[in-house]
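Participant: Could you work out the structure for the sequence below:
(one chain, ligands or ions: 1)
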Amino acid sequence: MSSSIFKAHILTLFPELFPGPMGHSITGRALSEGKWSCTATDIRDFATDKRKTVDDTPYGGGAGMVMRADVVAEAIEHAKKETPNAPVVFMTPTGTPFNQGMANRWAAGEGVILLCGHYEGIDQRVLDALVDEEVSIGDYVLTGGEIAVYPVLDATIRQLPGVLGNDETLAEESFSPALEGLLEYPHYTRPEEWRGQTVPEVLKSGHHAKIDAWRKEQSIAKTQKVRPELLKKK
Ligand code: SAM
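Facilitator: Down below sits the predicted model:
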């Protein structure tokens, strides 16, 4: 295997959940073609007692359990041996909202180490000492970081060179520079008429400049309707 392969390393209590959905479709094909590698390491392997304990009660009291700094640190340091320059990213609802820019930035590097919390979360000291970025997938609380890794990793892998068959697909996607960071325009295919609805005439005209102008208009209108803050960013 070449050292230039993008390495995704997930630190989790449930390694059997990976590659999960990324083992299918485009990302799955890229995985079997060696365009990226997926390692899921069980944080529990780094527990030191007989019962393989990874968590303990919170200082200060309160509900739930907290994952121990010493156990999580060993897991992170194990992953960093293989990819010392990959960012260590903790999945957490208190993190920065995930976006396409993060996926693009990580895809340009040697890999990414994704740390999944469980229970109430992870002892703050190990986050302060060893985590580079904290990322949220939205304003809601999931049971664990594993499900949050799926969208983050999928969005990153599809940015790797050669993963998508047609470069155009990547170029003209929502949030891409080609669409000036806006949402994508609508798509149509056969049949030409479906339940009384026809395809917009301009798309059948063969006039590329007019098609581009129509798509841009649609892209702006859609963004204005559902994500007006994206237009203000421009
Ligand atoms: N006590 C935490 C809080 O209130 O912020 C929630 C902990 S949650 C039950 C357990 C783990 O799920 C977190 O440590 C994190 O890894 C993951 N998680 C939950 N929601 C997430 C989200 N929106 N984005 C990313 N990770 C999330």
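Participant: For this structure, what lies in contact range of the ligand?
Facilitator: Residues of the chain lying near the ligand by Cβ under 6 Å from any ligand atom: 91-94, 116-118, 120-121, 136-138, 140-145, 148. Just so you know, the C-beta spots here come from the backbone N, C-alpha and C atoms, and that holds for glycine as well.
Participant: Narrow the residues you listed to those in helices?
Facilitator: Judged by DSSP state H, the subset of the residues of the chain next to the ligand located in helices is 145, 148.
Participant: Please list the members of the residues of the chain next to the ligand that lie in strands.
Facilitator: 91-94, 116, 136 (DSSP state E).
Participant: pretty sure residue 170 contacts residue 158?
Facilitator: Yes. Look at residue 170 against residue 158 with Cβ atoms under 8 Å: they come within range, at 7.2 Å.
Participant: quick one: which of the two has more around it?
Facilitator: With neighbours defined as other Cβ atoms under 10 Å, residue 170 and residue 158 compare such that residue 158 has more, 19 against 15.
Participant: How about that one: what's its closest non-neighbour residue?
Facilitator: Distance criterion Cβ to Cβ, 6 or more residues apart in numbering; nearest residue to residue 158, sequence neighbours excluded, is residue 164 at 5.9 Å.
Participant: can you give me the strands for this protein?
Facilitator: Counting by DSSP E, the strands of the chain are 6-12, 36-42, 55-56, 66-67, 88-97, 111-116, 133-136, 193-194, 197-198.
Participant: who's in contact with the residue nearest to residue 158?
Facilitator: Each residue near residue 164 by Cβ atoms under 8 Å, 6 or more residues apart in numbering is listed here: 26, 158, 170.
Participant: Could you report the pLDDT at it?
Facilitator: For residue 164, the pLDDT comes out at 92.
Participant: next one: residue 154
Facilitator: On the pLDDT scale, residue 154 gets 98.
Participant: Please report the distance of it from residue 60.
Facilitator: 37 Å (Cβ to Cβ, to the nearest Å).
Participant: the more surrounded of the two?
Facilitator: Between residue 154 and residue 60, counting by other Cβ under 10 Å, residue 154 is the more crowded of the two (17 against 5).
Participant: For residue 221, the count of nearby residues, please.
Facilitator: For residue 221, using other Cβ under 10 Å, the count is 14.
Participant: What of the one 3 residues further on?
Facilitator: Residue 224 is flanked by 13 other residues according to other Cβ under 10 Å.
Participant: ok, and the closest non-adjacent residue to the residue at minimal distance from the centre of the chain?
Facilitator: For the chain, the residue nearest the mean C-alpha position is residue 152 (0.9 Å; Cα atoms, centre = their mean). With sequence-adjacent residues excluded and distances taken as Cβ to Cβ, 6+ apart, residue 152 is closest to residue 98, at 5.5 Å.
Participant: Residue 74 too?
Facilitator: residue 46 (3.8 Å).
Participant: Over to residue 151?
Facilitator: In space, residue 151 is closest to residue 137, 5.7 Å off (Cβ to Cβ, 6+ apart).
Participant: Buried residues in the longest helix seen in the chain, which are they?
Facilitator: Ordering each helix of the chain by length in residues (DSSP H) puts helix 208-226 first. By neighbour count on 16 or more other Cβ atoms under 10 Å, the buried set for helix 208-226 is 211, 214-215, 218-220, 222-223.
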